[in-house]
Structure formats: structure tokens, C-alpha cells
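S.K.: what follows is a predicted protein model with its sequence.
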Amino acid sequence: MITLASDFGSPYPATMKGIILERTDARLVDIAHDFPRQDVRQAAFWLREILPYFPPAIHLVVIDPGVGTDRQVLVVHAGDHVLVGPDNGVLVPVAETLDGQPDYYRTETGDPESTTFHGRDVFAPLAADIHERGVEANVEGDEFTRVDQVERVDFPEPTLEADLAQGEILAVDGFGNAITNIPGDFLQEAFGTQVQVGAKSAPARRTYAAVGTDERLVTVGSHENVEFAVNQGRGDEAFGVDVGDPVRVQKDR
Amino acid sequence: MITLASDFGSPYPATMKGIILERTDARLVDIAHDFPRQDVRQAAFWLREILPYFPPAIHLVVIDPGVGTDRQVLVVHAGDHVLVGPDNGVLVPVAETLDGQPDYYRTETGDPESTTFHGRDVFAPLAADIHERGVEANVEGDEFTRVDQVERVDFPEPTLEADLAQGEILAVDGFGNAITNIPGDFLQEAFGTQVQVGAKSAPARRTYAAVGTDERLVTVGSHENVEFAVNQGRGDEAFGVDVGDPVRVQKDR
Amino acid sequence: MITLASDFGSPYPATMKGIILERTDARLVDIAHDFPRQDVRQAAFWLREILPYFPPAIHLVVIDPGVGTDRQVLVVHAGDHVLVGPDNGVLVPVAETLDGQPDYYRTETGDPESTTFHGRDVFAPLAADIHERGVEANVEGDEFTRVDQVERVDFPEPTLEADLAQGEILAVDGFGNAITNIPGDFLQEAFGTQVQVGAKSAPARRTYAAVGTDERLVTVGSHENVEFAVNQGRGDEAFGVDVGDPVRVQKDR
């Protein structure tokens, strides 16, 4: 199985699929191709949330603002999974979630046909090759060089006090739910009460439908983080927040 | 085969696929994941139009504004198909189209990990489990309770006279074609003439290209209903109608 | 393997998949379903760029503004590939790229259920039938008529002088890269210098990241054509160009 994730939109992912299917009969599964363009940190967040639900697979990830520069190509062996993508940090959070001690390898890209579409010319052929021959075969062939240092993206740590959490919006999903880096546990005893989000007051509730349609709430999302939402509406707009914004959540005493 | 339909947009459907592929090697086919958010009736319309074209399959449907509340989980046995989703009416029109007498079952959801993403925590595992063991095995295991009463969504009936039809816009497709609940038969003898749509006059034609580019027409769409369209343009905008709007179509005498 | 390409958006492609899966167990691969609506030439461009990367397959293409009119149904045998779609030119550039001498066939459509959705009623069943029986079987059955004349879309030829190229924007991709019909070779010796694009000056560079974020550049894209781009931004907007616009690129002396 090879999964595919990119910020390509359409139709470039189809070219990568052609490249792979020309070389293997791997099952292909799309993760998403509409990750925010060239936003390595948001893609890293989503991949960490999604890929661990998959059975062992090769995960091809092309969020690659440095395409054609001297950024390196990374192959990661993490548990039974293999991750293939640029060495810009996008693979690291999910790798460390899949396996506390992932093995990182660099490989040479030869002389790609283009300087602008390494998804087609470098990463897809590499994922297909690993599918056919395995990482181990490639390692034995000296095509891979094990490395200890890789580029990283780091998610900010929240500051937690008994009644006050300060954090940041990590991502906004398609529904408009604004996902913070504040762990859901912070909210547990506050369910049923009002909390302060910046200057706004909002009910802390376990489900979206616990408030009226179009009303704001603070909840614990499926990522187990505190999330700002609106029942059947967009939390990011109602709370006036976007990715990267600092946020404060104050429990009522 | 498991088909997947939701209003999740991206990337949450990938999480459901991971859950399923961890448990089965079922073939997966996406129906759509961009159904209008939390609009149970429109999703019910599209599923009724699409799923009957499929061979026997398990159809996983997650349009679920009541996630985390006491809304029930429904499994439907309809002909050779199985439908899995929330008991909010979204499954009923397609179930009754597939099989005049579908069998409805409820099942307990245990204690899902989240209160906000039952596609991941309840419905996808259930669909995978049914794929592996079958509905019958589950029924024998007493995990399912047969029920007669389920939530319903109902489509309005049009009022038809010889020369006047009054109905409603059921859906607008991606091209902008506004699909009414008026049966196409109403228009048959009017082809080639002008009809009145509200205060507007428009030609009744069999094909989009029978009128000039950007010109309005009334036609019979692929759902066999009267449809308001524009050749290579958007009918909803040209006729000023949206889902749920009442419409009148008057034939010329 | 059957690939699917259309301008249907969602959810109509699912109906075509149901039709095919009812008849075959072919592997299905989506090329794209968001090609610009009823824009035969842009779809023809993208298919020519993408499909040659695939292994032998049946390619189902439904960009069909003339649905329901007397436009013909075309089946093309091009190398080991088969193309199925309307005879409006959309299949020709890719067919001639796959095989210098493709074989073109017409076939009768019978009496389709609808006049508005031949993807469902004509093309998908035909692709499935060819998958099951092969083109040759169909030819022997006299269901196909070989033809020499087909509808064509033609891409404009650029005018090339030593330091001046005049061409046209063929397509804009999802990143906003504006892809011209000027061959990339024209730019080779200009890398590292400034070029004139209409009244604007821009650096010619091999990679997007060779200029600052949000800065314009002229590069050679993955299609090996000259492309107007912005590093992590939209080239079409920065250069003020859209599909079909004439463009001039002047090298510095």
C-alpha cells in the first residue's frame, strides 16, 4: 500500500499515480491533496493525526516549497511504516508518533527531469521502488545514507495553569473548527460551565449539538485538543482566530 | 466493497480509510465528501440518485450533525446492500429505493473515543466489522436490534395540473443545474416551446446545447426531473433559485 | 485499469464508478474531475501531459459540452492505451502523443436513458464493455466503425526568434503557475538574467525558491514549457495573465 499526500490540488497527483502504477501494482490511497499550499507545519500536524490509523504502508508526502534547491530527500523507517518526502520537517512529527526512534535515511536524487515537480521525478519513483524492493534492499545497495540530523518543524507547547491555558491555533479544519495545542484534559472539569476565550465567553460542551445552531462552543475535538467551534457553523470565524494565532482559555472559578 | 460518503471535505475521510484498511482489505470507493455540510436532506437526495448504480456493497454514510448526542446508529439491510450511518433520515430514501422493505437495525456504540468524530470512532469500524463478519453474523451475536421506527427525511411532493406544476428545488449540482421535484414527464409535450418559470420565460429543450452558450433553458435532467439550466453556465443563478425554493412551471397553451 | 477524467466536480463521477463496477472489477484511478467546465482545449492539454505516464489502460474522458446533440462517440486505440470520450477533440492531443498513428473508431450510442448525462448512460458502460471484451472483440462485432476524420483542438504554435518569443497561456495550474506554449529551451541561456514579460521585468530562474517568497519569476515548468510563477504565490495574478492570453518574453541582450 502506498498513500499519497500533497498540496498539489488537481491534477498533478494523477501524474504521480501514473508513475507509481507504471512500476508497481501497489494499492493507492489518497490522504489529501489540498493541504494548505507549502505550509509544512500544518501538513505535519495533519499527517501526525491521520497516518497512525493506517496499517503498515509506504507514505508518499510532497509538501515541498524548496523543490529544486539543495533540500535533501528523506526516507524514514518508523515501525512498520516507511515515509518518503522532502527533508523539511514534514515527516518528523508523524515519524516520532509511529515510532519513538525512527530511522532516517537520505538518498541521492540523481538528475531529475524537472526542477519544479519532484513529486513526479523523484518522490513517486522512489516510493514505487521502495514498494518493489523494500527499504532494506535499498540500504544494502548503498543507495541510502543513514543520518541523525534532519530538519524539524516543532509545534509550540502550551502554558498550563490550574484555570488558565495559553496556547496557539495549530490548524483549522474544513468545518471551521479551530484546533488548539491545549490538551483536552484542561477542559474536563469545565464541561457545563462558561469559559473565557480571549475576550469572549463561550460554553464548554462535549458535543457540537449541545448548543443551538450557529452558536459558539469550546469542546475537545477528535485530536484530543481544545477546539473552538460553532454548531453547524465555522468556529474560526466566530472566534476570530486563524492558524498560528495565540489563544487564552480561562476557566470560571 | 465499501463506499464512503460524508460532508467532511478533507482530510478526515482519510482517517476513516485508515481505520477500515487496518481491519479489512475491502475495496474502497469514494462517493463524495463534499456534500453540503450537515444538510441531511440534500445528502439523502444524492445518495438515492447514486448508490443504486453500484453493485452490492457496504455504504458508509456520515452526514451527522447530531454527533455525540443520543442520536442512534443505524444499519440497513436493503436488497444486497448494507447502509451504515446515523439514524437521522439520511439513509432512508436510498434504502427504500434499493428495496421496498428494507430491514433497519440499531446497534450500541459502546463508549467512543471522541464525541465529535464518530465517522472514525463508530461508523468506520462498524462498516469494517460488517464487511468482515456480515450483518447476519452480527445479528446472531445480538449486537443489532431490529427496529421499525427510524428517523425520516421526506421530499416534498409536487402539485401537478395539466399545464401547471408547482414544486421545489431539491438540489443544485456542481454545474449549477437546479433540480426540481417535478417529474420530467410533465415537460415531454412542451419540448420545443417556451415555458414560464415564475416570472421568467425559457425554452424547454432536450439538451443543453440546443440553446446558445450562456442562455437559459428548462430540461429534463439525468434524475428524470425537470431542471433549470444554462448552456455552459449556472442555472441556479440565471433563474435566481436555490435549494428549498418553491418553483412554478407553466406550459404555454 | 480504467482511469476517469471529467469536468463533473462532485458527486456525478461516483455514478460512473457504480456503472463500471457493476460490470467489471477493473481498477479505477481518478485523473481529475475538476477540469475547467466544458473547456475542451484545457482538458486536452492536461490529458496530454498526464496520461502518458500511465501504464496501458482504458481512459474514460467526459468533457462534453455537446452532450445529447449529434456529436459522435469516439474510441481511440493509441499504442497499448484505449481512450473513450466524445468526438470533440479532447482525446486527440493525448492520442497523438501516445501513438503517432492512433486508430479512431466511432460507435453508435443506441438510445441513452438521458440527454444530459452520457458519462453515465454512454461512456462509462462503453469503457466497462471494452475492459471486459477488448476493442478487438468489439471491432469484430462490427460495433465500431473506423474513421479517419475526427474533431480536433489545436494548440497555437509560438513564434520564436533569437531573443523574443511570442506565444499564449495554455493553462493555469492550481498553484497559479501560468503555463505558456513557449518551449523551455528558449529560456536556457537566460537563467540568471532578467527577462521582459510584456511590460514587466522578472528574473529567469530554475527553481521557485531561487527568488524570495511572493516574488515573481519566469521558469521552465514540469511540462518543459516557459512558465510564469511566484514563489509560494500565484503567477497568473502577479503577471496579470489568464488562459488564452497572448504573451511576449524578451531576453535581455
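M.R.: That came through fine.
S.K.: where does the most centrally placed residue in chain A sit: helix, strand or coil?
M.R.: In chain A, the C-alpha nearest the mean C-alpha coordinate belongs to residue A:46, at 2.5 Å (Cα atoms, centre = their mean). Counting by DSSP: H, G, I helix; E, B strand; the rest coil, the backbone at residue A:46 sits in helix.
S.K.: that one - nearest residue in space that isn't next to it in sequence?
M.R.: With sequence-adjacent residues excluded and distances taken as Cβ to Cβ, 6 or more residues apart in numbering or on different chains, residue A:46 is closest to residue B:11, at 5.5 Å. All C-beta atoms are positioned from the backbone trio N, CA, C, and that covers glycine.
S.K.: picking that back up, could I get the contacting residues of the residue nearest to the centre of chain A?
M.R.: Taking Cβ atoms under 8 Å, 6 or more residues apart in numbering or on different chains, we find residue A:46 in contact with A:32, A:35, A:171, B:11.
S.K.: where are the low-confidence patches of the stretch 1-150 of chain A?
M.R.: Along the stretch 1-150 of chain A, the parts satisfying pLDDT under 70 run over A:141.
S.K.: show me where chain A has helices.
M.R.: A:12-23, A:40-50, A:92-98, A:118, A:124-140, A:235-239 (DSSP state H).
S.K.: now these in a markdown table, with distance to residue B:242?
M.R.: Formatted as a markdown table, the helices of chain A follow (distance: least, Cβ to Cβ, whole Å):
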| stretch | distance to residue B:242 |
| --- | --- |
| helix A:12-23 | 32 |
| helix A:40-50 | 33 |
| helix A:92-98 | 41 |
| helix A:118 | 44 |
| helix A:124-140 | 42 |
| helix A:235-239 | 21 |
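S.K.: of those, which is nearest residue C:25?
M.R.: Proximity to residue C:25, assessed across those by Cβ to Cβ, is greatest for helix A:12-23 (16.3 Å).
S.K.: buried set for that closest one?
M.R.: Residues A:12-21, A:23 are the ones in helix A:12-23 that count as buried (16 or more other Cβ atoms under 10 Å in any protein chain shown).
S.K.: just checking, residue A:159 touches residue A:182?
M.R.: No. In this structure, residue A:159 is not within contact of residue A:182 by Cβ atoms under 8 Å, at 9.3 Å.
S.K.: out of those two, which sits in the more crowded spot?
M.R.: More crowded of residue A:159 and residue A:182, by other Cβ atoms under 10 Å in any protein chain shown: residue A:182, with 24 against 11.
S.K.: check contacts around the more buried one.
M.R.: A:158, A:160, A:165, A:167, A:225-226, A:247, A:249.
S.K.: what does chain A put close to chain B?
M.R.: A:1, A:3, A:5, A:29-35, A:46, A:49-55, A:173-175, A:206-210, A:219-222, A:224, A:227, A:231-232 (Cβ under 8 Å from any Cβ of the partner chain).
S.K.: separate out the buried members of those residues.
M.R.: A:3, A:5, A:29-33, A:35, A:46, A:49-54, A:173-175, A:206-210, A:219-222, A:227, A:231-232.
S.K.: restricted to strands, list those.
M.R.: Taking DSSP state E as the definition of strands, these contribute A:3, A:5, A:29-32, A:219-220, A:227.
S.K.: quick one: which of the residues you listed is nearest to chain B?
M.R.: residue A:32 (3.6 Å; Cβ to the nearest Cβ).
S.K.: what's near enough to touch the closest residue to chain C within the stretch 101-250 of chain A?
M.R.: Nearest to chain C in the stretch 101-250 of chain A, going by Cβ to the nearest Cβ, is residue A:117, at a distance of 3.4 Å. Residues near residue A:117 by Cβ under 8 Å, 6+ apart: A:12, A:15, A:67, C:221-222.
S.K.: now, the most widely separated pair of the residues you listed?
M.R.: Across these (Cβ to Cβ), the longest gap, 14.2 Å, separates A:15 and A:67.
S.K.: what number of residues lie near residue A:223?
M.R.: 23.
S.K.: try residue A:164
M.R.: Residue A:164 - counted by other Cβ under 10 Å - has 13 other residues nearby.
S.K.: grab the nearest non-local neighbour of it.
M.R.: Leaving aside its chain neighbours, residue A:164 sits nearest to residue A:250 (5.2 Å; criterion: Cβ to Cβ, 6+ apart).
S.K.: identify the bridge partners of the one you found.
M.R.: Residues in a beta bridge with residue A:250, per DSSP bridges, are residue A:164, residue A:196.
S.K.: measure it to residue A:177 for me?
M.R.: 20 Å (Cβ to Cβ, to the nearest Å).
S.K.: so how far is chain C from residue A:83?
M.R.: To chain C, residue A:83 is 22 Å away according to Cβ to the nearest Cβ, to the nearest Å.
S.K.: mind checking which of the helices of chain A is nearest residue C:106?
M.R.: With respect to residue C:106, and counting by Cβ to Cβ, the nearest of those is helix A:12-23 at 27.3 Å.
S.K.: who are the packing partners of that closest one?
M.R.: On a contact count with 3 or more Cβ pairs under 8 Å, 6 or more residues apart in numbering or on different chains; DSSP states H and E, helix A:12-23 meets strand A:2-6, strand A:28-32, strand A:58-62, helix A:124-140, strand C:28-32, helix C:40-50.
S.K.: might one say that the residue nearest to residue A:164 is in contact with residue A:163?
M.R.: Yes. Using Cβ under 8 Å, residue A:250 is in contact with residue A:163, at 6.3 Å.
S.K.: shaky segments in the stretch 151-253 of chain A?
M.R.: A:253.
S.K.: write out the residues of it neighbouring chain C.
M.R.: Counting by Cβ under 8 Å from any Cβ, no residue of the stretch 151-253 of chain A is near chain C.
S.K.: in CSV: the contacts of residue A:46, plus distance to residue A:74.
M.R.: As requested, the contacts of residue A:46 are arranged in CSV below (distance: Cβ to Cβ, whole Å):
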residue, distance to residue A:74
A:32, 20
A:35, 17
A:171, 22
B:11, 21
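S.K.: closest to chain C among the residues you listed?
M.R.: residue A:35 (12.1 Å).
S.K.: was I right about that closest one contacting residue A:6?
M.R.: Yes. Using Cβ under 8 Å, residue A:35 is in contact with residue A:6, at 6.9 Å.
S.K.: common neighbours of those two, please.
M.R.: Contacts common to residue A:35 and residue A:6, judged by Cβ under 8 Å, 6+ apart, are residue A:63.
S.K.: tell me how many other residues crowd the spatially closest residue to residue A:12 that is not a sequence neighbour.
M.R.: Of all residues not flanking residue A:12 in the chain, residue A:119 sits nearest, at 6.7 Å (Cβ to Cβ, 6+ apart). Residue A:119 has 28 neighbouring residues, counting by other Cβ under 10 Å.
S.K.: residue contacts, residue A:119?
M.R.: Listed by Cβ under 8 Å, 6+ apart, the contact partners of residue A:119 are A:6, A:8, A:12-13, A:15-16, A:62, A:64.
S.K.: out of the residues you listed, who's nearest chain C?
M.R.: Distances from chain C to the contacts of residue A:119, taken by Cβ to the nearest Cβ, are shortest for residue A:15, at 5.2 Å.
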